[in-house]
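What follows is a predicted structure for the sequence shown.
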Protein chains: 2
Amino acid sequence: MTVSLEYSNSSISRKKLRNYARKACSTKTLKKRVPITEWLPKYSWSFLIQDILAGTTVGLTAISQGIAYAVIAGLSPEYGLYASLTAGFVYIIFGSCKYVTVGPTAIVSAMTGKYVAGYSPDFAILAAFLSGILILLMGIFNLGFLVEFISKPVIKGFTTAAALQVISSQLKSLFGLTGASGNYFAESVYNFVVNIRTATLWDPVLGIITVIILIILKKVGADCKRTDDLLKQIRWFVSLARNAVVVIVGMVVAYIIKRTTDNEPLALVGDIDGGLPTIGYPPFNTVVGNETYSFLDMLQTLGPKSISLPLVIVLESVAIAKAFSEDGRVDATQEMISLGLCNIIGSFAKSMPITGAFSRAALNYASGVQTQAGGVTNCILIIVALTLLTSTFYYIPKATLSGLIIVALWTMVDYEIFIKLWKASKREFILALITVIVCLCVGLEYGIVTGVTVEALMLLFSQSRPSIEVNTLRHATGEIIVIPLPEVVSYCAAEHLRRLLLKVPLKSNTDCTTVIDGANLRSMDSTVAANILSVIEDYEKKGRRIWLLNFNCNVEKLCLVLNSNISDKFVNVPNVLDLVIPFHKV
Amino acid sequence: MTVSLEYSNSSISRKKLRNYARKACSTKTLKKRVPITEWLPKYSWSFLIQDILAGTTVGLTAISQGIAYAVIAGLSPEYGLYASLTAGFVYIIFGSCKYVTVGPTAIVSAMTGKYVAGYSPDFAILAAFLSGILILLMGIFNLGFLVEFISKPVIKGFTTAAALQVISSQLKSLFGLTGASGNYFAESVYNFVVNIRTATLWDPVLGIITVIILIILKKVGADCKRTDDLLKQIRWFVSLARNAVVVIVGMVVAYIIKRTTDNEPLALVGDIDGGLPTIGYPPFNTVVGNETYSFLDMLQTLGPKSISLPLVIVLESVAIAKAFSEDGRVDATQEMISLGLCNIIGSFAKSMPITGAFSRAALNYASGVQTQAGGVTNCILIIVALTLLTSTFYYIPKATLSGLIIVALWTMVDYEIFIKLWKASKREFILALITVIVCLCVGLEYGIVTGVTVEALMLLFSQSRPSIEVNTLRHATGEIIVIPLPEVVSYCAAEHLRRLLLKVPLKSNTDCTTVIDGANLRSMDSTVAANILSVIEDYEKKGRRIWLLNFNCNVEKLCLVLNSNISDKFVNVPNVLDLVIPFHKV
């Protein structure tokens, strides 16, 4: 008998293992973990135009932003392009959100800069590799659920603030100002006001014309579809291509001015160092000046604070994916896996740390990208930029790119949700407001962390004050005070429960019996149990009667482990009033 | 009519105000906020002996520890005594826990040292003043409830680890080693092993004899009371005075050795700079070397990180009060108010930042202190030490003090609770273990923060996975799937709920209707509402029926604010089955 039982057990575990293996290798898992196998077979030619258009617009922005962000991280410009390139290809295969484009971003570059400034690019590449490993592990251990703790008001606050921040950071280029731009909204606005006198003539003119053209072209395409008549089709196409249109127009204008006047009144993207990155292992040792750094030396230079880098990478990308996905649904675990792989594989081709970029995702969204294939055009453009077109991209006016980014992000500023939240729940409105204010005044990463923390604390606080309705039953021989416990009493509610238990019988003047009704209670921890036990002691000292009614066996066991003397306090009867007779028999 | 209504409203608010004022000025509030008014009138002469004995033992330790901790903070020895003195008097009046003795502690001194090293004592005094203000504000704003989030397993883990840490830090003096002691258990043990060769002969001999005497004297007094016969009374008294006895014996031994051999083979407490501290405003500006520091300069020198100082002060003292109070009950708000006042008033008499000290609380506890009056003896001893007895205290052997501290703390190491937790709840056992390990290997303040954070995260995670039991009712025309929502669905459970709602109808092959039953639901936030709305859209797209049954008006209003088109989805009927006929009429 025993043998057959064991056999059946082992066959069950084998079955489980087989099921697990089958699940891991199933088509569904493949589609979930390698999303290109999901969208590529369904790809239709009708997506192609929109993907190419979106990819082109994003690509043009990625080139200029890549250059800017590499400089922020203290690296030479081409590293920003290397970073967008390899990671871009990896994201096409593993990325779960079609709007996200990966590459260097303002926040991540600034953080990388902190760790590598004064050393060599090798440190940035190693940081990308190590961050990638950590992020991939987070994905493999399925820590994506953590993202469920970012609520809608926090996301909306973050999105609005991020849009305002990117807009404010573009004011510098739009007006052709000299001086720094700023790492967060308040700083950018302050710098803008301080430096406004350095504004040139042509940059703001071109920038504002770009903005006006974009708004007009957007209106032109309203209500037009690809299936309409020819005129409407052209309107639809021009409207869709508006971002690429303004960039090309800007480039042509800059080129003509340069050719005719031999002068550069507009700030241009300028020279790019040509050539593709060399492929090789990430640098596990390096030489800076005369000093050789071993792997351990490099780790020490990066320091323990660099652990925040992978966290910010995940936070930034997932928050963006959540903001742009239609229903706020994001497979965060998959996003971690793809970001991990982007950083790891990228580091083999000289990539600095990358994440999802908010402004480029907004461009993708505004350009109506259909699938992750938009990234292909983006990557091709970067290759072209690095190999052939360094001289052509030279002429992209920075003011055009700024105008384009500002218009793209203006649509992301969501006033309506604040009005709705105000009407629906003042608590959530304040939460969103706190998130926005911290994002704008301190920085985006601080804002989202503050929002998540404040909301978690609110939830914890509500857990520490469960609503318990005390019932008083009057009976011939006295009163019974029934205190029904809720489904769960957490450790933080232990004090609250104790205060309640100690206060209730004091209010009653007559001879009364207190009953703690545990019928609904599913679980309880030792802090609560210890408090209930101390209350029982208090009651006994004062000669008052107390009973623990209908506690389930797990909870009873917990109490008895802490104090085995109180087993006679537990009673099980279907109705509280049934207790009255046994009470008075005792 | 309106006028009279307004009048009645204003009279209500006046009444509220009056009640509030009455409450604030009541005797109960006075007793709560100035605890000396509670215990002093009840003071009995029988308490006096125990209070004097405990105060003496604690005072002798406070003097030697005060000196040691002042040096840790980079100050000259007398500052450690100044700190125990004024704060000690303030705590007698406002302190809520009779076991707590305030003064400099290892952690707080080490932190203070970080901010003031290389500057002048004025910075430490200003840090005390500013910390005091912040802590007092926390108390006034009633933030004491925060302490309810420290559960029993975390407190027990912290206590055990703190005891082990203090014991390990005393090994150096017990064996008369040279070199540093260590700021946390692992460091102290490591230093002990490294420096064991520097052990002297006489220090360990005296230390171990002290330990043995203490254990014997403790056993001598077992089962003896003050009301017993004379022999037992003497045994009771000697046992109680055991800590003072060993210190005096040690002092005498050291004195005799010095007189007879003119040699100092034992490490002694040594010289103390005499005189009481001068009274004056805390230093709002100071001079270091040739540089003058204004208040703002001083603030900048202390830096934003010094904000952690008041938090650690509160955490350390409240954790100790919680560990030593018989039932774990602590009026944390009152503890904040008294610690705030101790630091503020202390800073007017040259006090460095202070908090409750674990080892001295343990001595108080072991000596059987009866009221806060024990602190009076402690303070008098410090005054005597500062004015008259600097030459007498010179002879206290450090090894005696170490032996005394080790024995006092050994009783605080609580193995039993770990066995109980293992039996009662593996989750809480692991929590306590994590707290202990982090406390021992990284530091006490990190350990308690880790414990609190891990437990809060566990609670948040359990909130994100509410248990929802899905019921399927079969009916002539199909199935009704009823999904009853629990009392509260938090934002972090929104995704879980959505997944459940989307999965359930897929399992059913027949024509079915889904009903989300909100009868128990009391509240919901907009993240959950948004997810339910997106599920409804999904259902509509697939042509499936879904109803929201018996939602209360607040929740319904919330959903309608977010999307007013779904008002026809809400139904109110007493029984789910009542829904079937209207369904099929539609």
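Cool, the structure landed. Numbers count the residues shown, from 1 in each chain, chains lettered A, B, ... in the order given.

What's the local residue count around A:Tyr539?
17 (other C-beta atoms under 10 Å in any protein chain shown). (C-beta placed from N, C-alpha, C; glycine too.)

how much space between it and A:Ala241?
Taking C-beta to C-beta, to the nearest Å as the measure, A:Tyr539 falls 79 Å from A:Ala241.

With A:Asp331 instead?
Between A:Asp331 and A:Ala241 the distance is 31 Å, computed by C-beta to C-beta.

cool, and A:Lys31?
From A:Lys31 over to A:Ala241 the distance is 32 Å, taken as C-beta to C-beta.

who touches A:Tyr79 in this structure?
If you count contacts by C-beta atoms under 8 Å, 6 or more residues apart in numbering or on different chains, A:Tyr79 has them with A:70, A:73, A:121, A:124, A:350-352.

For the residues you listed, which single residue is the most surrounded?
Looking at the contacts of A:Tyr79 with neighbours defined as other C-beta under 10 Å, the largest count falls to A:Ser351 at 33 neighbours.

residues in contact with the spatially most central residue of chain A?
Residue closest to the average C-alpha location in chain A (C-alpha atoms, centre = their mean): A:Ala319, at 2.8 Å. Residues counted as contacts of A:Ala319 (C-beta under 8 Å, 6+ apart) are A:150, A:155, A:158-159, A:162, A:448.

among those residues, which are in helices?
The members of the contacts of A:Ala319 that map onto helices under DSSP state H are A:155, A:158-159, A:162, A:448.

Which residue, neighbours along the chain excluded, lies closest to A:Gly250?
Nearest residue to A:Gly250, sequence neighbours excluded (C-beta to C-beta, 6 or more residues apart in numbering or on different chains): A:Thr400, at 3.3 Å.

tally of neighbours for A:Ser462?
Neighbour count for A:Ser462, taken as other C-beta under 10 Å: 16.

Wait, A:Gly74 touches A:Tyr115, no?
No. The criterion here is C-beta atoms under 8 Å, and A:Gly74 misses it with A:Tyr115 at 9.7 Å.

Show me which residues of the stretch 151-300 of chain A sit near chain B.
A:151-153 (C-beta under 8 Å from any C-beta of the partner chain).

State the distance from A:Gln334 to A:Arg33.
For A:Gln334, the distance to A:Arg33 - C-beta to C-beta - is 7 Å.

Between the two, which contacts overlap?
Common neighbours of A:Gln334 and A:Arg33 (C-beta under 8 Å, 6+ apart) are A:Phe94.

For A:Gly478, grab phi and psi.
Taking degrees, to the nearest 10, you get phi 150, psi -160 for the backbone angles of A:Gly478.

That one: neighbour count?
Neighbours of A:Gly478 using other C-beta under 10 Å come to 17.

just the one 10 residues further on next, same as before
For A:Val488, the tally of surrounding residues (other C-beta under 10 Å) stands at 22.

Please look at it and A:Ser523 and confirm they touch.
Yes. Between A:Val488 and A:Ser523 a contact is recorded at 5.9 Å, counting by C-beta under 8 Å.

now the strands for the stretch 101-250 of chain A?
Under the criterion DSSP state E, counting those that start in this stretch, the stretch 101-250 of chain A contains strands at A:102-103.

can you pull out the helices in it?
A:106-116, A:121-140, A:152-174, A:185-195, A:202-220, A:230-240, A:242-261 (DSSP state H, counting those that start in this stretch).

With mean pLDDT added, can I get those helices in TSV?
As requested, the helices of the stretch 101-250 of chain A are exported to TSV (pLDDT from 0 to 100):
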stretch	mean pLDDT
helix A:106-116	76
helix A:121-140	91
helix A:152-174	84
helix A:185-195	89
helix A:202-220	90
helix A:230-240	80
helix A:242-261	86
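
Report the mean per-residue pLDDT for stretch A:68-85.
For stretch A:68-85, the mean pLDDT works out to 80.

quick one: buried residues of it?
For stretch A:68-85, the neighbour count (16 or more other C-beta atoms under 10 Å in any protein chain shown) marks A:68-70, A:72-75, A:77-85 as buried.

What of stretch A:491-509?
A:491-498, A:501, A:504-505, A:508.

Put the alpha carbons of the helix or strand harbouring A:Ile383 into CSV.
Assigned by DSSP states H and E, A:Ile383 belongs to helix A:374-387. Provided in CSV are the C-alpha atoms of helix A:374-387 (Å, rounded to 0.1, in the frame of the first residue of the first chain):
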residue,chain,number,x,y,z
GLY,A,374,9.0,51.2,-36.0
GLY,A,375,12.2,50.7,-34.2
VAL,A,376,13.8,49.2,-37.3
THR,A,377,13.6,52.5,-39.2
ASN,A,378,14.9,54.2,-36.1
CYS,A,379,17.9,51.9,-35.9
ILE,A,380,18.6,52.1,-39.7
LEU,A,381,18.6,55.9,-39.4
ILE,A,382,21.1,55.7,-36.6
ILE,A,383,23.3,53.4,-38.7
VAL,A,384,23.0,55.8,-41.6
ALA,A,385,23.8,58.7,-39.3
LEU,A,386,26.9,56.9,-38.0
THR,A,387,28.2,55.8,-41.4
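
Need the contact partners of whichever helix or strand comes after that helix.
Downstream of helix A:374-387, the next assigned helix or strand under DSSP H and E is helix A:390-393. For helix A:390-393, contacts defined as C-beta under 8 Å, 6+ apart pick out A:63, A:251, A:269, A:271-274, A:385.
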